[in-house]
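Asker: quick one: sequence plus predicted model below, questions after.
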Amino acid sequence: MQQNKKDIRALTKAQIRTFFEEQGDKAFRGNQVYEWLWQKSAHTFDEMTNISLETRKKLEDTFVINHIEVDQMQRSSDGTIKNAVKLHDGLVVESVLIPTETRTTACVSSQVGCSLDCKFCATARLKRMRNLNPDEIYDQVVAIDQQSRLYFDRPLSNIVFMGMGEPLMNYNNVLKAIDKITSEEGLGMSQKRITVSTSGVPKMIKKMADEEVKFNLAVSLHSAIDDVRTSIMPFNATFPLKDLREALEYWYVKTKKRITYEYVVWENINDSQKDIDALVRFCKFAPSKVNLIEYNPIDDGMFQQASDSALERYQKTLMENGITVTVRKSRGKDIDAACGQLANKAN
Ligand code: SAH
């Protein structure tokens, strides 16, 4: 029976207003319902107490309110929380809350599984099942905001699209979710506190630049040499570094926003001076900084974190060339919540 009912959260405010008008009711009821659905995250029509019982019944007969459910929550010894998030059709994605002294960051998923095939990433082993809808992305953020208030006594401060999936392969829904997150009718967060991380889809990076988005861009680079990058991120054969570079230059010209490169250094893969020099050259095309990420093993032994001395060489050479470099320690490793570990031990 439910199948015939439409998900009301797939409607725009204007469409909900029209629904009320068509019922001979006042259009502003649509605004009230919209506020319940987004700002107040109502999961049932019964919660909408400023709407008459009769109208609530009408809504109930016509629509469903699809929403996520945090099915399981794991807490790491470092405070990180990993959520198994159940979607309305039973599929599961993961989201992570990462606390620091002053911030709470939400790491959210954009797809169920992933269509890319990065050899070092656990999510790549799950085939892509479907894209997340805007409300499913928005709900992950709301749930983490609530957890942040509950466990850390402060609201969520930052969002990174670094969970499962490739955000630029679900571009429209990711942008719609960001619209809701930043809108005063949603969470009212600043775009500046949001980072979209991509493996690098040149066409979509250019589109984003054209739309003059205000959020930050992070690119999972991992190598600035085509052969090496293709061997660990096979889709690089389709989107080679030349195209990525051109798109990133375009991004900078349009947005004037510095790009962050995420980069893991692995033993015998990208730990030679040649790899470092290639990265330095790549960083000079558009203003950027490098985030050296610790490798989180995914249990197959194919990849090993490079030695400290290799990391130091990276840092030193980048700094000598005036490129900002940070080293990021992993969080939530003990619960498989670190980068690339999502879905590692699922089922
Ligand atoms: N598809 C997007 C976002 C998800 S991955 C992207 O590729 O950017 C988020 C980050 O985790 C990426 O930088 C990715 O390269 C990195 N990552 C994936 N597997 C990892 C692992 N096992 N250890 C450390 N980082 C990993």
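Answerer: Good, I have the coordinates.
Asker: list the contacts for the residue nearest to residue 164 when sequence neighbours are not counted?
Answerer: If you skip the residues right next to it in sequence, residue 164 has residue 109 as its closest partner in space, 3.9 Å away by Cβ to Cβ, 6 or more residues apart in numbering. For the C-beta atoms, the positions are set from N, CA and C on the backbone; glycine is no exception. The contact partners of residue 109, taken as Cβ atoms under 8 Å, 6 or more residues apart in numbering, are 85, 93, 94, 95, 132, 137, 140, 163, 164, 165, 342.
Asker: now for the residues you listed: which two are most distant?
Answerer: Spatially, the most separated pair among these is 137 and 342, at 14.8 Å (Cβ to Cβ).
Asker: that's a helix at the residue nearest to residue 164, yeah?
Answerer: No - when classified by DSSP: H, G, I helix; E, B strand; the rest coil, residue 109 is found to be coil rather than part of a helix.
Asker: picking up where we left off before, please narrow the contacts of residue 109 to those residing in helices.
Answerer: In helices, defined here by DSSP state H, the members of those are 137, 140.
Asker: now the contacts of residue 109 in a markdown table, with neighbour count, pLDDT and distance to the ligand?
Answerer: Rendered in a markdown table, the data for the contacts of residue 109 read as follows (neighbours: other Cβ atoms under 10 Å; pLDDT from 0 to 100; distance: Cβ to the nearest ligand atom, whole Å):
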| residue | neighbour count | pLDDT | distance to the ligand |
| --- | --- | --- | --- |
| 85 | 25 | 96 | 16 |
| 93 | 28 | 95 | 12 |
| 94 | 24 | 94 | 11 |
| 95 | 26 | 96 | 12 |
| 132 | 28 | 97 | 13 |
| 137 | 30 | 98 | 13 |
| 140 | 27 | 97 | 14 |
| 163 | 28 | 95 | 7 |
| 164 | 26 | 95 | 7 |
| 165 | 29 | 96 | 6 |
| 342 | 27 | 70 | 8 |
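Asker: so of the contacts of residue 109, which ones are in strands?
Answerer: Secondary-structure check on the contacts of residue 109 using DSSP state E: residues within strands are 85, 93, 94, 95.
Asker: put together JSON lines for those, with distance to residue 19 on each row.
Answerer: Below are these laid out as JSON lines (distance: Cβ to Cβ, whole Å):
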{"residue": "85", "distance to residue 19": "29"}
{"residue": "93", "distance to residue 19": "30"}
{"residue": "94", "distance to residue 19": "34"}
{"residue": "95", "distance to residue 19": "31"}
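Asker: wait, isn't residue 155 in contact with residue 149?
Answerer: Yes - counting by Cβ atoms under 8 Å, residue 149 is a contact partner of residue 155 at 6.1 Å.
Asker: figure out how far stretch 11-25 is from the centre of its chain.
Answerer: On the basis of Cα atoms, centre = their mean, to the nearest Å, stretch 11-25 sits 32 Å off its chain's mean C-alpha point.
Asker: what does stretch 108-125 give?
Answerer: Averaging C-alpha coordinates over stretch 108-125 and over its chain gives two centres that are 12 Å apart (Cα atoms, centre = their mean).
Asker: what of stretch 168-177?
Answerer: Per Cα atoms, centre = their mean, the displacement of stretch 168-177 from the mean C-alpha position of its chain is 10 Å.
Asker: wait, does it contact the ligand?
Answerer: No - legend: contact between stretch 168-177 and the ligand by Cβ under 6 Å from any ligand atom is lacking; minimum distance shown is 8.1 Å.
Asker: buried stuff in that stretch?
Answerer: Of the residues in stretch 168-177, those buried under the neighbour-count criterion (16 or more other Cβ atoms under 10 Å) are 168, 169, 170, 171, 173, 174, 175, 176, 177.
Asker: quick one: what helix or strand has residue 268 in it?
Answerer: With elements taken from DSSP states H and E, nothing contains residue 268; it lies in neither a helix nor a strand.
Asker: how about residue 184?
Answerer: Using DSSP H and E, residue 184 falls within no helix or strand.
Asker: now, the buried residues of stretch 168-177 that are in strands?
Answerer: Cross-referencing those with the strands (criterion: DSSP E) gives no overlap at all.
Asker: list of residues touching stretch 165-173?
Answerer: The set of residues that contact stretch 165-173 without belonging to it, under Cβ under 8 Å, 6+ apart, is 93, 109-116, 123, 128, 131-134, 137, 161, 174, 196-199, 201, 204-205, 207-208.
Asker: just how off-centre is it within its chain?
Answerer: 9 Å.
Asker: shaky segments in the chain?
Answerer: Judged by pLDDT under 70, the chain has its weakly predicted residues at 1-3, 343-347.
Asker: and it, what are its domains?
Answerer: The chain resolves into domains spanning 2-64, 69-335 when parsed by automatic domain parsing.
Asker: the ligand contacts on the stretch 201-347 of the chain?
Answerer: For the stretch 201-347 of the chain, the residues in contact with the ligand (Cβ under 6 Å from any ligand atom) are 220, 262, 264, 293, 295, 296, 298, 339, 340.
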